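Participant: the sequence and its predicted three-dimensional model are supplied below.
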Amino acid sequence: MGTLAIPLVVISVLLHRIGILPSNGFMFVAGLTLLVALFGVIAAFVAMTRLWFTGDQGWSKALIGLALSLVALLPFVWYGSLAMRYPAVTDIYTTDRAEMPLVFDAQTMSMPQPKTLSAAQIARVFPNVQTRDYPLGLTQTFGLVRQLVEDRGWDVRVLREPTAEFEPGRINARIVTLVGWREEAVIRVTGNATDSEVNMRSASLNALHDFGDNGLRVEEFLTALDDAVTGLMRDNPDANTPIEEQPETD
């Protein structure tokens, strides 16, 4: 049972990540793997109890089977702990999510009804999921956002640069989680020549529980953006001065 459970975990995750195994099929295989691994643990304990009383040989096989079954159970224990820590939510955002629409192919992907939290619940569970206001121009801020998205290797699906008339900039990027769930991050930047506002949304496209991924992603990204803006303005005191007003240099 132990030698069967581990390949089930590995193969199902790989097939789910590359899109061959659909999410409903992945959930079925995951449930089957859990049963196999639990049966392996029970069988190992039954075998060791019998060996204790009979004195027969077979301890090594029983212990190896127990170890393999426990290894196969580790992902379930980990995600179980996350499910207990974070509420069952699939859509986290800093402001009205209608202003940050998702991009997904309805023909190949069936998106479940999103599960959301109230603003008060988001503030309690993910305190750093908040709209960011920076004393930095729209164009400069959008450039930092774009660089952070590129640094993370996200698959950009929509890229709309802010215009000279200060029309908002937006990026939609697709992320594949470790076990193959598809999630989408949307970053919207508004503002003018001297100030900007950044809002972000992260949503699961084919999962019923994100295990905290979306909230943690928004928190991490916006915190990194805080650091990037602070660093830019510290190292370039004139970064927020319009070009025509910047002092001339020799």
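Facilitator: Thanks, I have it.
Participant: give the pairing partners of the helix or strand containing residue 200; include direction for each.
Facilitator: For residue 200, the element it lies in under DSSP states H and E is strand 196-204. Paired with strand 196-204 in the same sheet, following DSSP bridges, are strand 91-93 (antiparallel), strand 132-134 (antiparallel), strand 182-191 (antiparallel).
Participant: and the next element down the chain from the first one?
Facilitator: From strand 91-93 onward toward the C-terminus, using DSSP H and E, the following helix or strand is helix 119-125.
Participant: now what about that following helix, what contacts it?
Facilitator: 86-87, 92, 117, 129-130, 215 (C-beta atoms under 8 Å, 6 or more residues apart in numbering). C-beta coordinates here come from the backbone N, C-alpha and C atoms, glycine included.
Participant: so which of the residues you listed are in helices?
Facilitator: If you go by DSSP state H, those have residue 215 in helices.
Participant: between the contacts of helix 119-125, which has the most around it?
Facilitator: The residue in these with the most neighbours, by other C-beta atoms under 10 Å, is residue 92 (28 neighbours).
Participant: quick check: that one touching residue 202?
Facilitator: Yes: counting by C-beta atoms under 8 Å, residue 92 sits close enough to residue 202 to count as a contact (5.4 Å).
Participant: which residues are in contact with both of these two?
Facilitator: Joint contacts of residue 92 and residue 202 (C-beta under 8 Å, 6+ apart) are 214-215, 218.
Participant: nearest to residue 228, of the residues you listed?
Facilitator: residue 218 (15.5 Å; C-beta to C-beta).
Participant: the closest one against residue 199, yeah?
Facilitator: No: using C-beta under 8 Å, residue 218 makes no contact with residue 199, being 9.7 Å away.
Participant: got any residues that touch both of those two?
Facilitator: 93-94.
Participant: which one, of the strands paired with strand 196-204, ends up nearest to residue 142?
Facilitator: Closest to residue 142 of the strands paired with strand 196-204 is strand 182-191 (C-beta to C-beta; 4.6 Å).
Participant: so for stretch 42-62, what gets flagged as buried?
Facilitator: 43-44, 47, 62 (16 or more other C-beta atoms under 10 Å).
Participant: now secondary structure too, for those, in JSON lines please.
Facilitator: Shown next, in JSON lines, are the buried residues of stretch 42-62 (DSSP: H, G, I helix; E, B strand; the rest coil):
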{"residue": "43", "secondary structure": "helix"}
{"residue": "44", "secondary structure": "helix"}
{"residue": "47", "secondary structure": "helix"}
{"residue": "62", "secondary structure": "helix"}
